[in-house]
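In: sequence first, then the predicted structure:
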Amino acid sequence: MEKFDVTVIGGGIVGTAVLDRLSRYQLKALLLEKCDDVASFTTRANSGIVHAGYDCEPGTLKAKYNVLGNPLIWKEAEELDVPHLKCGSIVVVGEDGLDGLKELERKAKANGVEVQILDREETLKLEPNVADRIAYSLYAPTAGIVSPYQMAIGYADRAVSNGAKIVLEAPVTEIRSKGGEYILSTPKGEFSTRLVINCAGAHGADINDLAGAEHFETTYRRGDYFVLDSTERKNVNTVIFPLPTAAGKGILVAPTADGNVIYGPTAIDTNDSEDVASSLDSLDVLRASVPLTYKRPAFNKCIRVYSGLRTLIGHDFVIGKSKLRENFIMAIGICSPGLTSAPAIADEVLSMAQETLHAEKKAEYVTVMPRHKRIKELSEEEIEKLIAEDSRYGRIVCRCEKVTEGEIVDAIHSPLPATTVDAVKRRCRAGMGRCQGGFCGTRVMQILSRELNIPLSEVKKGLGANIARYRVKEVE
């Protein structure tokens with residue numbers, strides 16, 4: 001049984017950010033993730049919005065970590081070479097919504113967030129395609145967009161580069177105490193650890209129960225999205241919100257860091273921690289809501305629909321040490337603005353962990369990760385030089401996103417290797433374009449089979465799903 005100083009349970013944006021912090025210290029640090037890749041559940045379906053922090057209730061943990069996390073996200077996205085854009089956001093209202101904007105302005109001032117109320121003419125200079133009914137907006141210049149799954153993958157890659165260990169397909173099924181340490185049982189074996197940090201997302205309350213820590217009632221809220229073709233990106237400059245409600249920040253229209261546009265999310269309450277199937281009724285809600293803020297809805301340009309799940313424990317984040325179990329830290333119930341808050345939460349959790357671990361910082365550790373080779377971002381001269389060094393960068397596999405064989409091989413052999421079709425997709429976007437893998441999917445499978453030295457029939461899409469089950473044609 002392998003022994004560790006500290007173990008993080010859960011490989012979403014918070015868990016990977018925490019592991020990233022721990023990896024800079026002289027510690028044996030482990031992350032256990034139940035799926036076959038990090039960022040595979042809630043983080044995978046995050047809107048990717050870097051929130052300014054104007055709508056969080058002053059005095060809450062959400063307000064605290066959102067405001068602290070905003071500048072950190074921008075800094076660390078640069079360090080990790082993760083796609084991002086500080087494009088600002090606007091909350092748009094009709095003539096009757098000015099009081100609502102003033103209330104947000106009051107919260108912004110209390111939270112120390114820069115905002116400005118704009119009239120229609122000023123709003124149109126920022127966002128020409130707001131709906132005709134829009135009379136005012138609240139502009140937040142520090143908001144923007146980032147790739148949520150690439151951010152988590154970036155944290156994981158950096159943590160592994162700094163010596164941390166990540167074990168995938170390892171759901172924790174039992175937690176018991178022995179000799180002042182925790183023994184964590186998983187299908188990949190048992191692990192001994194001095195300190196447990198629970199970042200298990202939708203199953204955070206379950207991990208608490210396994211450990212005998214505080215019990216929390218958990219509810220879930222499903223959010224459905226439309227993803228639009230990249231041809232729509234030219235029509236959206238900022239993140240466009242309606243006035244927030246008790247159910248959340250509302251149905252937004254936003255660019256993505258990877259060049260698409262999204263409409264969503266809905267806010268469907270559910271008791272099912274695995275409820276991520278979009279419904280026709282939910283998509284109808286999006287069709288009815290988007291035109292209220294945006295005058296150029298283009299549902300005919302949709303290339304995919306998807307859903308994600310927000311985990312709610314009361315009305316705020318749960319971050320702190322357990323009062324019932326020693327050396328057990330919780331960072332659960334992290335719904336919106338969890339992505340923006342993640343680096344600040346990680347810093348706080350590190351401080352708590354150090355009260356037990358007292359670890360020395362390493363003399364040297366990786367901060368700035370190597371730049372990714374993204375063909376669609378390079379000049380012709382840079383591409384020619386790269387191809388001269390390695391001809392695989394001259395072979396386009398994903399036509400929609402212009403992803404080459406070289407980029408896919410890089411993803412497969414990254415610090416946290418991509419071993420499934422979905423894991424490759426999240427790292428280099430092969431299969432995320434207009435055809436959604438219809439053209440490149442089989443080629444990605446062949447490359448995975450070759451690089452991992454496994455039969456094509458063992459290549460998985462993700463979440464344990466095999467793709468090639470039977471031969472449909474025998475060949476010589």
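Out: Cool, the structure landed.

In: every contact and neighbour count from this point should use C-alpha atoms.
Out: Fine.

In: Val113: neighbouring residues, count only.
Out: By other Cα atoms under 10 Å, the residues close to Val113 number 18.

In: shaky segments in this structure?
Out: When residues are selected by pLDDT under 70, those of the chain lie in 463-464, 474-476.

In: so what are the domain limits for it?
Out: For the chain, the domain assignment from automatic domain parsing gives the residue ranges 1-82+144-218+313-371, 89-141+219-309, 375-466.

In: quick one: end-to-end distance for the longest one.
Out: The reference is to domain 1-82+144-218+313-371. Domain 1-82+144-218+313-371 has an end-to-end distance of 37 Å (Cα to Cα, to the nearest Å).

In: likewise for the shortest one?
Out: With Cα to Cα as the measure, the ends of domain 375-466 fall 29 Å from one another.

In: and among the domains of the chain, the most buried is which?
Out: domain 1-82+144-218+313-371 (a mean of 21; mean count of other Cα atoms under 10 Å).

In: what would the domains of the chain look like in TSV with distance to Lys473?
Out: Below are the domains of the chain laid out as TSV (distance: least, Cα to Cα, whole Å):
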stretch	distance to Lys473
domain 1-82+144-218+313-371	30
domain 89-141+219-309	30
domain 375-466	14
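
In: could you give the bridge partners of Lys460?
Out: Partner residues in beta bridges with Lys460: Asn466, with DSSP bridges as the criterion.

In: just checking, it touches Val421?
Out: Yes - Lys460 sits in contact with Val421 when judged by Cα atoms under 8 Å, with a separation of 6.4 Å.

In: nearest to Val472, of the domains of the chain?
Out: domain 375-466 (12.4 Å; Cα to Cα).

In: now do the end-to-end distance for stretch 249-257.
Out: Taking Cα to Cα, the first and last residues of stretch 249-257 lie 19 Å apart.

In: mind checking how far whatever helix or strand Ile240 lives in is from the chain centre?
Out: Assigned by DSSP states H and E, Ile240 falls within strand 239-241. Offset of strand 239-241 from its chain centre (Cα atoms, centre = their mean, to the nearest Å): 19 Å.

In: and it, what does it pack onto?
Out: Packed against strand 239-241 by the contact rule (3 or more Cα pairs under 8 Å, 6 or more residues apart in numbering; DSSP states H and E) you find strand 89-93, strand 252-255.

In: may I have the strands that pair with the longest one, each with its orientation?
Out: Think strand 89-93. The strands beside strand 89-93 in its sheet (DSSP bridges) come out as strand 136-140 (antiparallel), strand 239-241 (parallel).

In: could you point out which element follows the first one?
Out: Spelled out, it's strand 136-140. Next along the chain after strand 136-140, taking DSSP H and E as the criterion, comes strand 144-146.

In: work out the sheet partners of that following strand and label each with its direction, please.
Out: For strand 144-146, sheet partners with direction are given as strand 49-50 (antiparallel), strand 84-85 (antiparallel), following DSSP bridges.

In: neighbouring contacts of the first one?
Out: Right, the one you point to is strand 49-50. Outside strand 49-50, the residues that touch it by Cα atoms under 8 Å, 6 or more residues apart in numbering are Asn70, Ile73, Ala143, Gly144, Ile145, Val146, Val239, Pro337, Leu339, Thr340.

In: give me the element the second one is part of.
Out: Right, Ile73. Once you assign secondary structure using DSSP H and E, Ile73 falls within helix 61-80.

In: quick one: secondary structure of the closest residue in space to Ile262 that isn't next to it in sequence?
Out: In space, Ile262 comes closest to Val227 once its chain neighbours are excluded; the distance is 4.7 Å by Cα to Cα, 6 or more residues apart in numbering. Reducing the assignment at Val227 to three states with DSSP: H, G, I helix; E, B strand; the rest coil gives strand.

In: roughly how far apart are Val227 and Arg44?
Out: Relative to Arg44, Val227 is positioned 14 Å away (criterion: Cα to Cα).

In: next helix or strand past the helix or strand Leu104 falls within?
Out: Leu104 is part of helix 98-111, with elements assigned from DSSP H and E. Counting by DSSP H and E, the next helix or strand C-terminal to helix 98-111 is strand 116-119.

In: what's the helix or strand just after that following strand packed up against?
Out: Secondary structure here is assigned by DSSP H and E; on that basis, the next helix or strand after strand 116-119 toward the C-terminus is helix 120-126. The helices and strands touching helix 120-126, judged by 3+ Cα pairs under 8 Å, 6+ apart, are strand 136-140.

In: Thr173 contacts Ile183, correct?
Out: No - counting by Cα under 8 Å, Thr173 sits too far from Ile183 to count as a contact (10.7 Å).

In: what does stretch 33-47 rub up against?
Out: Counting contacts by Cα under 8 Å, 6+ apart, the residues touching stretch 33-47 from outside are 9-13, 16, 148-149, 152-153, 156, 166-172, 201-202, 262, 265, 306-310, 339, 418, 420, 423, 462-464.

In: which residues sit in contact with Leu85?
Out: Leu85 makes contact with Gly144, Ile145, Val146, Ala257 under the criterion Cα under 8 Å, 6+ apart.

In: and with 6 Å instead?
Out: Gly144, Ile145 (Cα atoms under 6 Å, 6 or more residues apart in numbering).

In: and the gap between it and Ala257?
Out: Computed with Cα to Cα, the distance linking Leu85 and Ala257 is 6 Å.
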